[in-house]
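**Q** I would like the atomic coordinates for the input below:
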Amino acid sequence: MQTSTAQQALFLMNSPLVRKTAEFLSQETYEPEAPEVQVVALYRKILNRSPSEAETQRGLRFLSKFKNPDNFCFPGSVFAQSLLCSNEFLYLR
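**A** Numbers count the residues shown, from 1 in each chain. Next up, the predicted model:
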């Protein structure tokens, strides 16, 4: 199993490039009436695969917990950033 170092994780969490990329992807995939469409689209764009049913359900729970009335893209942006910081994104299999 491959993992990132603490420095790599901190860099990705705080990187302006990663944040801007996540925000762009969130805006591009935002679907107000069907959040599952956004979850699937983010998996496809970031990890180049469709999510499993369990991953889709976790993604929907994630999005529902990060509501922000001032920024409709915030939940998707945080979700996209978490995928960009994942080991699956960082390492080739």
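
**Q** so what's F79 closest to, chain neighbours aside?
**A** F62 (5.4 Å; Cβ to Cβ, 6 or more residues apart in numbering). C-beta coordinates here come from the backbone N, C-alpha and C atoms, glycine included.

**Q** Report the secondary structure state of the one you found.
**A** What DSSP: H, G, I helix; E, B strand; the rest coil gives for F62 is helix.

**Q** Need the pLDDT of it.
**A** F62 carries a pLDDT value of 93.

**Q** Please tell me I have it right and G76 contacts E31.
**A** No - counting by Cβ atoms under 8 Å, G76 stays clear of E31, with 9.1 Å between them.

**Q** Name the helix or strand of this structure that has the lowest mean pLDDT.
**A** For the chain, the helix or strand with the lowest mean confidence is helix 6-14, at a mean of 77 (criterion: mean pLDDT, DSSP states H and E).

**Q** could you point out which element follows it?
**A** Secondary structure here is assigned by DSSP states H and E; on that basis, the next helix or strand after helix 6-14 toward the C-terminus is helix 16-29.

**Q** that older thread, which strands or helices does the least confident helix or strand of the chain pack on?
**A** helix 74-84 (3 or more Cβ pairs under 8 Å, 6 or more residues apart in numbering; DSSP states H and E).

**Q** ok, residues contacting the helix it packs on?
**A** 12-13, 18-19, 21-23, 25-27, 29-30, 38-39, 42-43, 46-47, 59, 62-68, 71, 89 (Cβ atoms under 8 Å, 6 or more residues apart in numbering).

**Q** picking that back up, okay, G76 and E31: which has more neighbours?
**A** G76 (28 against 13; other Cβ atoms under 10 Å).

**Q** Tell me how many other residues surround R19.
**A** Burial of R19, expressed as a neighbour count using other Cβ under 10 Å, amounts to 17.

**Q** Also P35?
**A** Neighbouring residues of P35 were enumerated by other Cβ under 10 Å; the total is 20.

**Q** How about the one 4 residues further on?
**A** The tally of other residues near V39 (other Cβ under 10 Å) stands at 25.

**Q** separation between it and A6?
**A** When distances are taken as Cβ to Cβ, to the nearest Å, V39 and A6 turn out to be 28 Å apart.
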